[in-house]
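Student: sequence and computational prediction follow.
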Amino acid sequence: MPGFTTLIATLTGTVAVAATLAACSSPGQGTGAAAPSATPPHDCPTATLPTGTAGPPAGQAITMATSVAPSDTSTSTVLTNLNGPQIQCGRTALDTYSDIVFATPTGTGGTALPLKLDIQVPKTDGPKPLVVYVTGGGFVMAPKENGLNLRTYVAEAGYAVASIQYRTVPDGATYADGVADVKSAIRYLRAHAGQYRIDPNQVAVWGESAGGYLASMVGTTNGRTQFDVGANLDQSSAVQAVVDKFGPSDLDKLAADFDPAMQRYTYLPGNSLARWAGVSSGRSILDDPAADARANPITYVTNAAPPFLIMHGSADKLVSPSQTLLLHTALLAAGVDSTRYVLTGANHGDLAFLNGPAAALPWSTQEVMNHIVTFLNGHLRRQ
């Protein structure tokens, strides 16, 4: 019976397809020169996913919370229109570069594990601010093909958008490896900025679910050299902005808003959550507060952190909504520019497989996606 990590892993591939069925509206609403028209506005392209990523394994049940306790929204902006117009794509021509190996760390068994990324870049003059997209996958998989509709929309708004792989628990990885992989991708892209028409001084990281967690870790650890390993160490891994969509933060409180049965299940000894945090074999995340603290982005928050945009659904049955509230509160207390949106009634953004494609639609409306584009426009300079 899968909990958070297995559930996300089994859903990610199919959800990516369902989510990309959501159409992408004219994204170029920020500053900067208008991009050439590609085609009339249309639904965004769907992802081609790796074999074996669609749907849960045969005979495997899905475990979700049966109840979600309300959390404080007094420091957040509440969004109530989940049925607004969907985004569309096709107004801006893009160049696409696929399967670029950016790092080759060691995986399970000591074998080399090539990590790849895809990049979309508007066909307009001048270097573009970079947005590094980090997919969800419950810490057990990381398909870079995910979220193609959303990534295309942001790219058409004038950004170079790179979607990356990272190591996960089946690769023998912990949180430290995942953070290191995202930072490796950022350094690689800065080192090759000229090749991909990137402005190396303007970089944001954007993640969903497990990817939101990693985006937050990358942002709060700006300048901490223990996570910079591998190649291109002459390049900075610092980011100028962070977008965290329904990501975990304090892992031993991951199920805090859920019913007792889901809480017990989430904290089973030896599960993927515990292994991701670096807890020793056979123990629960609850058994090792020191490991939980090391894996918690809140631990690293200082007033030097970049601006954050945080989003969560109030009815998320996989990652407690209070997870992003904990991070948001810590950022505000440190004097960091943090904005949090709560989508009333929205479930976890990777649950379209269970609930049909409609479950993904609140996350691909013009209102939600334009909040992201507006945030990026406000914190990354565009030519």
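Tutor: Received, thanks. Since the model is a prediction, treat every value here as computed from it, not as a measurement. Numbers count the residues shown, from 1 in each chain.

Student: what does the spatially most central residue of the chain show for phi and psi?
Tutor: Central residue check for the chain by CA atoms, centre = their mean: the C-alpha nearest the mean position is that of G207, 1.5 Å away. Phi and psi for G207, reported as degrees, to the nearest 10, are phi -140, psi 160.

Student: do the same with N201
Tutor: Backbone torsions for N201, taken as degrees, to the nearest 10, come to phi -90, psi 0.

Student: quickly list what the residue nearest to the centre of the chain is bridged to.
Tutor: Beta bridges link G207 to V134, D244 when assigned by DSSP bridges.

Student: that one and A346: what is the separation?
Tutor: Look at G207 and A346: by CB to CB, to the nearest Å, they are 17 Å apart. Yep, even glycine has a C-beta here, placed from its N, CA and C like the rest.

Student: mind checking which helix or strand of the chain has the lowest mean pLDDT?
Tutor: When the helices and strands of the chain are compared on mean pLDDT, DSSP states H and E, helix 4-20 comes out lowest with a mean of 39.

Student: of all the residues in the helix or strand following that one, which ones are buried?
Tutor: Using DSSP states H and E, the helix or strand that follows helix 4-20 in sequence is strand 77-79. Residues of strand 77-79 classed as buried: L79 (neighbour count, 16 or more other CB atoms under 10 Å).

Student: now for strand 77-79, which elements pack on it?
Tutor: Judged by 3 or more CB pairs under 8 Å, 6 or more residues apart in numbering; DSSP states H and E, the packing partners of strand 77-79 are strand 338-343.

Student: picking up where we left off before, wait, the residue nearest to the centre of the chain touches Y133, no?
Tutor: Yes: with contacts counted by CB atoms under 8 Å, G207 reaches Y133, the gap being 7.2 Å.

Student: what about the strands in the stretch 251-383 of the chain?
Tutor: Counting by DSSP state E, counting those that start in this stretch, the stretch 251-383 of the chain has strands at residues 308-313, 338-343.

Student: deepest-packed of those strands, please.
Tutor: Of all those, strand 308-313 carries the top mean neighbour count, a mean of 26, counting by mean count of other CB atoms under 10 Å.

Student: what bridges to I164?
Tutor: In this entry, I164 is beta-bridged to L117, V134, by DSSP bridges.

Student: that older thread, got the contact list for the residue nearest to the centre of the chain?
Tutor: Y133, V134, T135, G136, Y213, L214, A215, S216, V243, D244, K245, G247 (CB atoms under 8 Å, 6 or more residues apart in numbering).

Student: now neighbour count and distance to G158 too, for those, in JSON lines please.
Tutor: Shown next, in JSON lines, are these (neighbours: other CB atoms under 10 Å; distance: CB to CB, whole Å):
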{"residue": "Y133", "neighbour count": "27", "distance to G158": "15"}
{"residue": "V134", "neighbour count": "34", "distance to G158": "20"}
{"residue": "T135", "neighbour count": "25", "distance to G158": "22"}
{"residue": "G136", "neighbour count": "32", "distance to G158": "25"}
{"residue": "Y213", "neighbour count": "32", "distance to G158": "27"}
{"residue": "L214", "neighbour count": "30", "distance to G158": "24"}
{"residue": "A215", "neighbour count": "30", "distance to G158": "20"}
{"residue": "S216", "neighbour count": "31", "distance to G158": "24"}
{"residue": "V243", "neighbour count": "29", "distance to G158": "16"}
{"residue": "D244", "neighbour count": "33", "distance to G158": "22"}
{"residue": "K245", "neighbour count": "28", "distance to G158": "20"}
{"residue": "G247", "neighbour count": "28", "distance to G158": "25"}
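
Student: of all those, the one with the weakest confidence?
Tutor: Taking the contacts of G207 together, the minimum pLDDT is found at G136 (91).

Student: now that one: which helix or strand?
Tutor: Under DSSP H and E, no helix or strand contains G136.

Student: for G212, see how far away it is.
Tutor: Distance, G136 to G212, by CB to CB: 7 Å.

Student: quick one: pLDDT of S280?
Tutor: The score at S280 is 89. That number is its pLDDT.

Student: separation between A157 and L380?
Tutor: For A157 relative to L380 (CB to CB), the value is 11 Å.

Student: and the two? which has more neighbours close in?
Tutor: A157 (28 against 22; other CB atoms under 10 Å).

Student: residues touching the closest residue to F308 other than its chain neighbours, list them.
Tutor: In space, and not counting its chain neighbours, F308 is closest to S338: 4.3 Å by CB to CB, 6 or more residues apart in numbering. By CB under 8 Å, 6+ apart, the residues touching S338 are P307, F308, L309, I310, H328, L331, L332.

Student: if we go to 6 Å?
Tutor: S338 sits next to F308, H328, L331, L332 when contact means CB atoms under 6 Å, 6 or more residues apart in numbering.

Student: what does the pLDDT read for the second one?
Tutor: At H328, the model reports a pLDDT of 98.
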